[in-house]
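Chemist: sequence unavailable; structure follows:
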């Protein structure tokens with residue numbers, strides 16, 4: 001794992017999944033959602049660097065996006081929204097028969113909620 005990857009992993013684990021009471025599903029969804037938001041923003045930073053006329057050395061786009069995400073209210077909002085949605089899903093999951101229509105619908109509802117949370121909490125594009 002590269003130095004940058006280790007840094008990102010350490011920060012995400014400590015800042016995104018702060019509660020040790022979180023289930024494995026909750027931690028995975030929180031980290032995955034944060035990664036999508038961060039990587040999307042990093043793409044815009046990378047694209048911006050590519051088209052800059054003056055080639056000044058700049059920070060790694062993923063690191064910049066990660067720092068912006070952690071400092072933004074989005075990180076807390078995503079964590080809280082996903083925590084609530086996943087706990088609701090898990091609370092009822094023991095009553096559902098795997099493969100049943102109810103189970104499939106609840107899983108689809110959870111996935112839809114996760115997508116909505118990610119789309120609602122995207123970071124703003126960097127100025128061109």
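Modeler: Now that the structure is in, tell me what you want to look at. Here the structure is a predicted model, which means the values were calculated and not measured.
Chemist: drop to CA atoms for contacts and neighbour counts, all remaining ones
Modeler: Fine.
Chemist: show the average pLDDT along the helix or strand hosting residue 112.
Modeler: Following DSSP states H and E, one finds residue 112 within helix 101-120. When pLDDT is averaged over helix 101-120, the result is 90.
Chemist: contact partners of that helix?
Modeler: Residues outside helix 101-120 that contact it (Cα atoms under 8 Å, 6 or more residues apart in numbering): 29, 33-34, 36-37, 78, 81-82, 85-86, 89, 93, 96-98.
Chemist: what does stretch 62-69 give?
Modeler: For stretch 62-69, contacts defined as Cα under 8 Å, 6+ apart pick out 4, 8, 37-39, 41-42, 45, 75, 123.
Chemist: closest to residue 23 out of these?
Modeler: Ranked by distance to residue 23 (Cα to Cα), those are led by residue 75 at 18.1 Å.
Chemist: from residue 92, how far off is that closest one?
Modeler: To residue 92, residue 75 is 26 Å away according to Cα to Cα, to the nearest Å.
Chemist: also compute the angle for the longest helix seen in the chain relative to helix 101-120, please.
Modeler: Counting residues, the longest helix found in the chain (DSSP state H) is helix 24-51. Angle, helix 24-51 to helix 101-120, by axes from the mean of the first three to the mean of the last three Cα atoms, to 10 degrees: 30 degrees.
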